[in-house]
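Colleague: give the three-dimensional model of this entry:
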Amino acid sequence: MAGKQRSVFIRFNMADEADCDLYLKLAEAAGSSASLTAYVKRVLEEHFRIKMEITGRQKFHEQMLSVVREEMQAQGMKLVGALLAGIGTVGVPVKKDEAEPAVTELPEVCGELPEELNGVLNFIA
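Modeller: Just a heads-up that it's a prediction; the model follows:
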């Protein structure tokens, strides 16, 4: 049986402030526990269990972010494709009068979209 057991010895230097504080915190937290060693083992087990849970949550969070980014990119590409397809089907002739100087102006507001663009909006929706 002794061959299957391992031990760790911890010495606290009571002249060192950090060691003394740590020992006092452990002793106080253990309270009326049967053994300070048993309490330290429980604290270590809990520490590593919590650390593993946090690591698992972080991995899950990273995976979710990756999936969301991929989906956003795919949906964005679909939207761009739909817009490009709609632009390619619009064949509005542009007339230029050579007598009038080229002036850049905003178009007047119209009540409805050209017939060619209605199909694009239905495709996107």
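Colleague: residue contacts, the closest residue to Ala30 other than its chain neighbours?
Modeller: Excluding its sequence neighbours, the residue lying closest to Ala30 (C-beta to C-beta, 6 or more residues apart in numbering) is Tyr39, at 3.8 Å. Where C-beta positions appear, they are placed from N, C-alpha and C, glycine not excepted. Going by C-beta atoms under 8 Å, 6 or more residues apart in numbering, Tyr39 touches 26, 29-30, 33.
Colleague: closest to Leu83 among those residues?
Modeller: Ala29 (63.5 Å; C-beta to C-beta).
Colleague: let me know the pLDDT of that closest one.
Modeller: Looking at Ala29, its pLDDT stands at 88.
Colleague: any chance you could read off phi and psi for it?
Modeller: phi -70, psi -30 (degrees, to the nearest 10).
Colleague: any idea how far the closest residue to it other than its chain neighbours lies from Ile10?
Modeller: Leaving aside its sequence neighbours, Ala29 sits nearest to Tyr39 (C-beta to C-beta, 6+ apart; 6.8 Å). Distance of Tyr39 to Ile10, given as C-beta to C-beta, to the nearest Å: 12 Å.
Colleague: count of neighbours near Arg6?
Modeller: 5 (other C-beta atoms under 10 Å).
Colleague: no, scratch that, I was asking about Leu83
Modeller: That count, for Leu83 with other C-beta under 10 Å as the rule, works out to 13.
Colleague: tell me the pLDDT of it.
Modeller: pLDDT, Leu83: 84.
Colleague: make 53 the first number, not 1, from now on.
Modeller: With 53 as the first residue, the last one maps to Leu135.
Colleague: measure it to Lys93 for me?
Modeller: In terms of C-beta to C-beta, Leu135 sits 63 Å off from Lys93.
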